[in-house]
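> A structural model of the following input is requested.
(one chain, ligands or ions: 1)
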Amino acid sequence: MTVYRNSINGAWCESRGTRRVANINPANTADVLGETPLSTREEAVAALDAAAAAFAGWRRTPAPRRGEIVTRAARLLAERKEAIARTLVREEGKILSEALGEVQRSINIAEFAGAHGRRLTGQTIPLELPENLGYTIRQPLGVVSLITPWNFPAAIPVWKIAPALVSGNTVVFKPATITPATAALVVECFIEAGVPPGVLNMIYGSGNEIGDVLIDHPAVRAVSFTGSTEIGLDVYRRAAARGIRAQCEMGGKNPVIVMEDADLDLAVAGVFAGAFGSTGQRCTATSRVILMHPVADAFLERIVTLTRAMRLGDGLQPGIDMGPCVDAAQMHKVLDYVAVARAEGAELLCGGARADAGDLARGCFVEPTIFDRARPEMRISCEEVFGPVLAAIRVESFAEAMAAANTSEFGLTSSIYTRDVSHVFRYIDEIETGITHVNSPTLGGEAQMPFGGMKATGVGPREQGVEVFDFYTETKAVYIDYTGIRREGKLY
Ligand code: NAP
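Here you go, the predicted model:
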C-alpha cells in the first residue's frame with residue numbers, strides 16, 4: 001500500500017506519525033489508492049524550520065529567475081495533465097473532463113504567476129521636496145503556510161504556491177488529508193522545475209492536530225487558507241493574535257437571478273452547469289436560483305428534465321455527467337440537508353435520495369436534487385450544502401430578487417440572466433459577492449482576474465490576478481535625498 005511521503009528540505013521522507021487515513025475512491029469505496037500519514041507536530045516544525053533556513057537564499061534569487069522556475073513547473077503540469085487529472089478523479093470523484101479543466105486552470109495560474117516574476121514592480125512617486133526621489137519596492141514576507149481543501153486539490157494549491165514562490169517567500173503547504181495524491185503530483189512539478197531545497201515543503205497531517213503549528217511557529221509571516229468558514233475564521237483569529245497576515249477563502253451559497261426577460265435556454269443551461277457540475281462541490285457552485293414568477297414554471301420544468309436525464313457514475317468512465325460526493329460523510333451531510341429542506345416545507349421536484357442502483361451502490365452518490373418554493377430564510381437557502389442540491393426561490397420583483405440574493409451571510413459569486421441593461425448595472429452595483437457574472441454560470445475564473453469573496457466567505461486580500469502579489473509581498477517606501485543639504489524647518 002502506498003503511504004504518501006512528506007517533502008521536507010528537498011527530500012521525500014516517510015512520516016514518523018503512526019496513524020494513517022485511507023485515500024478512498026468515492027466512486028468505488030473498495031478502491032483504496034494509498035494512505036495519508038498523520039504527521040507529528042515535530043515534523044511540522046521541521047518543515048517550517050527548513051522553510052525558514054531557505055528564506056535568505058530564495059529572497060536573494062532575482063524575481064525573474066524565481067518566475068522562470070514557476071513557469072517551468074507550469075510546463076511540467078501541462079506534460080502530466082492527463083495523469084494528474086486521472087489521479088484527481090480517483091481520489092476526489094469529479095468527472096475526467098472537469099479534472100482536466102482543473103489541471104488546465106492550474107497551468108494557466110502557474111504561467112501567469114511565473115511571468116509576473118518580470119513584473120514584480122513598485123512605483124516611482126513624486127515627492128514635495130526638490131531633488132528627492134520616492135519609490136516603492138516589493139519584498140517577500142518570509143515563511144508562508146498554505147492550507148487547502150479537498151475540492152480543488154490541484155488548482156487551489158497552485159494558486160497559492162505559485163505567487164508565494166514568485167514573490168520570494170518560502171512555503172509550507174498542508175493539503176487536505178483526503179486528497180493527498182494530487183497534492184504530491186503538483187509539488188513534484190515544482191520541485192523538478194528547480195525549486196531549491198527547503199523553499200517548498202509539503203506536510204501531510206490532520207489540520208486539527210498540526211494546523212496551529214503552521215500558524216504559531218515564529219518564522220511564519222502569513223497564512224493563506226481555503227476551506228470551511230468555521231475553520232477559516234479560527235485560522236484568522238489565530239493569525240490576528242500573532243499579528244501576521246491571513247487570507248481566508250471560505251464557504252459560499254451562490255445565487256443566480258433569472259429575470260422574466262431572460263433567454264431561458266441560456267439560463268437553464270447555466271444554472272444546471274452551476275448546480276451539478278463537480279457534484280455541486282465547488283465553492284462557486286450555484287445553490288440558489290431566484291426566479292421571477294412569470295418564468296418560474298417553464299424554467300423549472302426544463303431544468304428538471306435535464307436533471308432527471310443525468311448519468312451518474314465513476315468519472316473515469318465515458319458518458320458520465322456527474323460523479324460522487326467526496327466521501328460517505330459528505331454524502332450523509334447532503335442527505336441530511338435534503339431531510340431538513342423537506343421538513344421546512346420546500347417542495348422536492350427531483351432527486352432527494354442516495355443513488356445506489358447497480359454499481360452506484362459501491363460509491364457515495366446522491367441524486368441531483370431540486371427543491372421549489374424555498375423561502376430565503378430557510379436553512380436550505382442559507383447554509384452551504386456542498387453537494388448536488390439546488391433551491392429555487394420564487395420572487396415578484398427585481399427588488400425582492402436582490403433582497404433574496406443578498407440575504408446570505410456568504411458572498412463568493414453570483415449571476416443574473418436578463419436582457420435589461422438597467423437591471424444588469426443595478427445588479428452589479430448592489431450584489432454582495434466578490435465575483436459576479438452576467439448571463440453566464442457562477443462557475444470558474446481566469447488566472448488574471450482576482451478571486452475571492454465578501455462577508456463570511458472571505459477575509460484578507462484577494463487571491464489570483466495581480467492583487468495576490470499584494471498579499472505575498474511587503475511594500476517598502478524609499479526616500480532618497482540627493483541634495484546633500486541638511487533639511488531646515490519642520491519635518492513631518
Ligand atoms: P475544511 O474542513 O475547512 O478543511 C480545509 C483545510 O483546513 C484542510 O487542509 C484541513 O485539514 C485544514 N484544517 C482543518 N482543521 C484545521 C485547523 N484547526 N487549523 C488549520 N487547518 C485546519 O474544508 P474542506 O471540507 O476541506 O473544504 C470544503 C470547504 O472549502 C467548503 O466550505 C468550500 O466552500 C470551501 N472552499 C472555498 C473556496 C473559496 O475560494 N472561497 C474554494 C474551495 C473550497 P484536514 O483535511 O486534515 O481536515
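> Nearest residue to the most centrally placed residue in the chain in space, please, no chain neighbours.
Nearest residue to the geometric centre of the chain (C-alpha atoms, centre = their mean): residue 156, 5.0 Å. Excluding the flanking residues, the one nearest residue 156 by C-beta to C-beta, 6 or more residues apart in numbering is residue 148, at 4.6 Å. (Glycine included, C-beta is placed from N, CA and C.)
> Name the residues that touch stretch 223-239?
144-149, 156, 160, 164, 176, 207, 211-212, 214-216, 222, 244-251, 283, 384, 410, 456-457, 459-460, 463, 471 (C-beta atoms under 8 Å, 6 or more residues apart in numbering).
> Spell out whether stretch 29-45 and the ligand are in contact.
No: Stretch 29-45 does not reach the ligand (C-beta under 6 Å from any ligand atom); its nearest approach is 8.1 Å.
> what about that stretch, how long is it end to end?
Distance between the two ends of stretch 29-45: 34 Å, counting by C-alpha to C-alpha, to the nearest Å.
> go on, stretch 359-378?
35 Å.
> Same question for stretch 309-324.
16 Å.
> Could I get the buried residue list for it?
Neighbour counts using 16 or more other C-beta atoms under 10 Å place 310, 312, 313, 314, 315, 316, 320, 321, 322, 323, 324 of stretch 309-324 among the buried residues.
> Could you give the bridge partners of residue 22?
Beta bridges link residue 22 to residue 35, judged by DSSP bridges.
> any idea which helix or strand comes after the helix or strand harbouring residue 272?
Element membership for residue 272, per DSSP states H and E: helix 264-276. Next along the chain after helix 264-276, taking DSSP H and E as the criterion, comes strand 286-292.
> For that next one, name the packing helices and strands.
Of the remaining helices and strands, those touching strand 286-292 by 3 or more C-beta pairs under 8 Å, 6 or more residues apart in numbering; DSSP states H and E are strand 254-258, helix 264-276, helix 293-308, strand 389-395, helix 398-406.
> what is the rounded mean pLDDT of it?
The average pLDDT within strand 286-292 is 98.
> just the angle between that strand and strand 254-258, please?
20 degrees (axes from the mean of the first three to the mean of the last three C-alpha atoms, to 10 degrees).
> What pLDDT does the model give the closest residue to residue 61 other than its chain neighbours?
Nearest residue to residue 61 in three dimensions, chain neighbours excluded: residue 168, at 7.2 Å (C-beta to C-beta, 6+ apart). For residue 168, the model assigns a pLDDT of 98.
> Residue 168: neighbour count?
24 (other C-beta atoms under 10 Å).
> got the phi/psi numbers for it?
Residue 168 adopts backbone torsions of phi 100, psi 10, taken as degrees, to the nearest 10.
> wait, it sits on residue 67?
No: using C-beta atoms under 8 Å, residue 168 makes no contact with residue 67, being 10.5 Å away.
> just to revisit the earlier point, pretty sure the residue nearest to the centre of the chain belongs to a helix, no?
Yes: judged by DSSP: H, G, I helix; E, B strand; the rest coil, residue 156 forms part of a helix.
> show me the contacts for it.
Residue 156 neighbours (C-beta under 8 Å, 6+ apart): 148, 149, 226.
> ok, and of the residues you listed, which contact the ligand?
Restricting the contacts of residue 156 to those near the ligand by C-beta under 6 Å from any ligand atom leaves 148, 149, 226.
> So is the helix or strand residue 330 falls within next to the ligand?
For residue 330, the host element (DSSP H and E) is helix 328-344. No: judged by C-beta under 6 Å from any ligand atom, helix 328-344 stays clear of the ligand, getting no closer than 7.9 Å.
> What residues sit buried inside that helix?
Using 16+ other C-beta under 10 Å as the test for burial, helix 328-344 gives 330, 331, 333, 334, 335, 337, 338, 341.
> Looking at the residues you listed, which one is closest to residue 90?
Taking C-beta to C-beta as the measure, residue 90 lies nearest residue 330 of the buried residues of helix 328-344, at 16.3 Å.
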